[in-house]
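Participant: I would like to see how this sequence folds:
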Amino acid sequence: MKAVIMAGGKGTRLQPLTKLLPKPMLKLLDRPTMEYIVELLAKYGFDDITITVCYLADAIRNYFGDGRAWGVQIRYQDEPVPLGTAGGIRALHEHLDQTFIVMSGDGLTDFDLSEAMQSHRRSRALATLVLTQVACPLGYGVVEFDANANITRFEEKPDVWDRDRSYFVNTGIYILEPEILHFVPPDRPYDFGRELFPALLRKGIPLNGHVATGYWSDVGTLQQYYQTQIDMINGCVHVNLPVEVAVH
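Facilitator: Here you go, the predicted model:
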């Protein structure tokens with residue numbers, strides 16, 4: 001099965017840590033953040049992986065190589081000009097000829113990807129958005145859906161929120177059919193959450209929301225970078241930990 005890992009961002013909110021390393025290569029405990037993503041994909045059978053790279057791309061290439069060490073095949077797509085999340089995926093349209101998953105290289109999760117895939121196949125939608133529940137939606141895309149898991153509304157990074165309720169947010173993990181790329185313009189940057197998914201809803205094209213259980217951290221700020229590692233040490237996330245801190 002095919003997967004795309006987006007790893008081209010500069011990680012400006014994580015400076016000064018990202019001045020010499022791209023964000024996906026920052027270590028969570030003893031290994032780069034993106035290594036946990038590659039391991040998760042391999043665990044669930046996604047063994048054909050394309051990594052989109054831009055900022056300090058050689059650091060990623062030199063570490064992961066062809067992916068053989070993780071039991072996968074890795075190829076790289078250079079993005080010299082930022083194309084947005086959807087635009088960067090569209091550039092791969094000739095390779096993405098079957099259902100595929102998109103993940104970010106700078107987050108940490110232990111979601112069961114097989115459950116997400118089953119939800120996608122049941123829905124027969126062009127896209128399944130993997131969602132998680134949070135108390136504070138600031139900085140995230142809020143998603144609303146009906147009793148049949150059909151997405152009804154997006155609100156990208158709301159400015160205000162109700163402290164007495166929780167929200168379902170977009171984790172940036174998508175399971176997509178190749179046909180969805182036909183809706184992405186080829187000549188300009190284009191974003192999944194801000195542009196493509198709302199446009200599909202306006203056209204009446206069904207989108208599926210899958211609420212995943214498990215741990216998810218968007219390692220986007222210095223505070224979250226360190227909190228994620230504390231969570232790992234405390235056993236909040238099921239990943240391969242160094243023996244010195246492994247939870248037994």
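Participant: how about the CA coordinates for stretch 215-235, as CSV?
Facilitator: The C-alpha coordinates for stretch 215-235 follow below in CSV (Å, rounded to 0.1, in the frame of the first residue of the first chain):
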residue,chain,number,x,y,z
TYR,A,215,-2.4,9.3,21.1
TRP,A,216,-1.7,12.2,18.7
SER,A,217,0.6,15.2,19.1
ASP,A,218,1.2,17.9,16.5
VAL,A,219,4.8,18.6,17.4
GLY,A,220,4.6,22.2,16.2
THR,A,221,5.8,24.3,19.1
LEU,A,222,8.7,24.1,21.5
GLN,A,223,6.3,23.5,24.4
GLN,A,224,4.6,20.7,22.5
TYR,A,225,7.9,19.2,21.4
TYR,A,226,9.0,18.8,25.0
GLN,A,227,5.6,17.7,26.3
THR,A,228,5.5,15.0,23.7
GLN,A,229,8.7,13.5,25.0
ILE,A,230,7.3,13.6,28.6
ASP,A,231,4.2,11.8,27.3
MET,A,232,6.4,9.2,25.8
ILE,A,233,8.3,8.6,29.0
ASN,A,234,5.0,8.4,30.9
GLY,A,235,3.7,5.7,28.6
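Participant: In that stretch, which residues are buried?
Facilitator: 215-220, 224-225, 228-229, 231-233 (16 or more other Cβ atoms under 10 Å). For the C-beta atoms, the positions are set from N, CA and C on the backbone; glycine is no exception.
Participant: out of those, which are inside helices?
Facilitator: Mapping the buried residues of stretch 215-235 onto helices (DSSP state H) picks out 224-225, 228-229, 231-233.
Participant: before we move on, back to that, next, format the buried residues of stretch 215-235 as CSV and append distance to Phe154 and pLDDT.
Facilitator: Converted to CSV, the buried residues of stretch 215-235 look like this (distance: Cβ to Cβ, whole Å; pLDDT from 0 to 100):
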residue, distance to Phe154, pLDDT
Tyr215, 24, 97
Trp216, 18, 97
Ser217, 22, 95
Asp218, 17, 91
Val219, 23, 91
Gly220, 19, 85
Gln224, 23, 93
Tyr225, 27, 95
Thr228, 26, 96
Gln229, 31, 96
Asp231, 28, 96
Met232, 31, 95
Ile233, 35, 93
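Participant: Could you identify the most distant pair in these?
Facilitator: Using Cβ to Cβ, the pair of these lying farthest apart is Gly220 and Ile233, separated by 20.0 Å.
Participant: Tyr20: neighbour count?
Facilitator: No, residue 20 isn't Tyr; it's Leu. Counted with other Cβ atoms under 10 Å, residues neighbouring Leu20 total 9.
Participant: Look up how far Tyr76 lies from it.
Facilitator: 20 Å (Cβ to Cβ, to the nearest Å).
Participant: tell me the contacts of Arg122?
Facilitator: Listed by Cβ atoms under 8 Å, 6 or more residues apart in numbering, Arg122 has no contact partners.
Participant: Okay, now the unreliable bits of the chain?
Facilitator: Low-confidence segments of the chain, defined by pLDDT under 70: 246-248.
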